[in-house]
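Asks: with the sequence up front, the predicted model follows.
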Amino acid sequence: MLYHSGAVGRLIKEFSMLPGIGPKTAQRIVFHLLNAPQEVSHRLAAAVLEARDNIKYCSVCSNLTDTDPCPLCSNETRDRSIICVVQEPRDVIAMENSHSFKGFYHVLHGAISPMDGIKPEDLKIKELLDRLHKENIKEVVMATNSNVEGDATALYLARLIKPLGIKVTRIAYGLPVGAYLEYADGVTLSKALEGRKEI
């Protein structure tokens with residue numbers, strides 16, 4: 001660990017606790033901010049505080065938003081007959097960047113993982129089922145991650161949804177096993193959507 005005392009050390013420590021940022025990267029960020037004009041730090045601090053104060057869950061899809069319903073759920077041009085189920089809000093961004101899905105989303109905020117103490121009731125599954133009872137949905141696309149937890153979650157949801165007479169599909173395995181949706185490129189996601197299979 002790099003040593004810095006006082007306010008600089010505390011700031012480096014805070015940045016290094018963010019995912020993907022180690023002590024050296026945190027140090028570079030801190031020194032960049034301290035050497036930049038003061039308004040750069042003020043804008044960053046204001047943006048963080050504004051996001052924390054104003055971002056909430058969309059009452060329809062559970063995605064993060066500062067308007068309710070979110071812009072995607074409010075978009076009248078999207079296909080209302082299909083919902084894509086993803087694990088995290090960042091997965092919605094990945095799917096949208098692929099430009100291949102024109103329906104609606106539902107964000108679970110995780111995946112079933114008994115080892116981590118995450119049970120179905122800890123996810124936004126009840127909200128999904130409520131939507132399926134209220135809306136005229138013909139297909140639900142499972143776009144959970146291609147790992148044990150993502151597969152288990154997709155199968156669990158399929159067992160709940162299929163008795164409702166709704167087609168349940170899973171994105172194709174153009175994604176490497178164990179891969180996270182957010183890291184997949186747009187072409188791979190597009191092909192995975194095209195090749196989805198019923199489960």
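Replies: Structure's in. What do you need?
Asks: drop to CA atoms for contacts and neighbour counts, all remaining ones
Replies: OK.
Asks: so which strand or helix has the closest residue to residue 11 other than its chain neighbours?
Replies: Distance criterion C-alpha to C-alpha, 6 or more residues apart in numbering; nearest residue to residue 11, sequence neighbours excluded, is residue 30 at 6.8 Å. Residue 30 is part of helix 23-35, with elements assigned from DSSP states H and E.
Asks: the helix or strand that that helix is followed by: which residues count as buried?
Replies: Per DSSP H and E, the first helix or strand lying C-terminal to helix 23-35 is helix 38-54. Of all the residues in helix 38-54, those buried under the rule 16 or more other C-alpha atoms under 10 Å are residue 41.
Asks: then stretch 92-109?
Replies: Using 16+ other C-alpha under 10 Å, the residues of stretch 92-109 that count as buried are 92, 94-98, 100-108.
Asks: which among the residues you listed gets closest to residue 56?
Replies: residue 107 (12.8 Å; C-alpha to C-alpha).
Asks: quick one: the closest one from residue 35, how far?
Replies: The spacing between residue 107 and residue 35, counted by C-alpha to C-alpha, to the nearest Å, is 39 Å.
Asks: repeat that for residue 52.
Replies: Relative to residue 35, residue 52 is positioned 26 Å away (criterion: C-alpha to C-alpha).
Asks: report the helix or strand with the lowest average pLDDT across the chain.
Replies: helix 186-194 (a mean of 67; mean pLDDT, DSSP states H and E).
Asks: all strands for the chain, in order.
Replies: Using DSSP state E, the strands found in the chain span residues 56-57, 64-65, 82-86, 104-107, 139-142, 167-170, 197-198.
Asks: may I have the strands that pair with the longest one, each with its orientation?
Replies: Same thing as strand 82-86. Strands that pair with strand 82-86, judged by DSSP bridges, come out as strand 104-107 (parallel), strand 139-142 (parallel).
Asks: what's the mean pLDDT across that strand?
Replies: Averaging pLDDT along strand 82-86 yields 97.
Asks: who touches that strand?
Replies: Strand 82-86 is contacted by residues 92, 103-108, 137-145 when judged by C-alpha atoms under 8 Å, 6 or more residues apart in numbering.
Asks: now with 7 Å, please.
Replies: Contacting residues not belonging to strand 82-86 are listed as 92, 103-108, 137-144 [C-alpha atoms under 7 Å, 6 or more residues apart in numbering].
Asks: low-confidence stretches in the chain?
Replies: Residue ranges of the chain with pLDDT under 70: 1-3, 173-181, 183-188, 191-192, 194-195, 197.
Asks: hmm, back to that, make a markdown table out of the strands paired with strand 82-86 and add distance to residue 127.
Replies: Converted to a markdown table, those look like this (distance: least, C-alpha to C-alpha, whole Å):
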| stretch | distance to residue 127 |
| --- | --- |
| strand 104-107 | 9 |
| strand 139-142 | 14 |
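Asks: thank you, goodbye.
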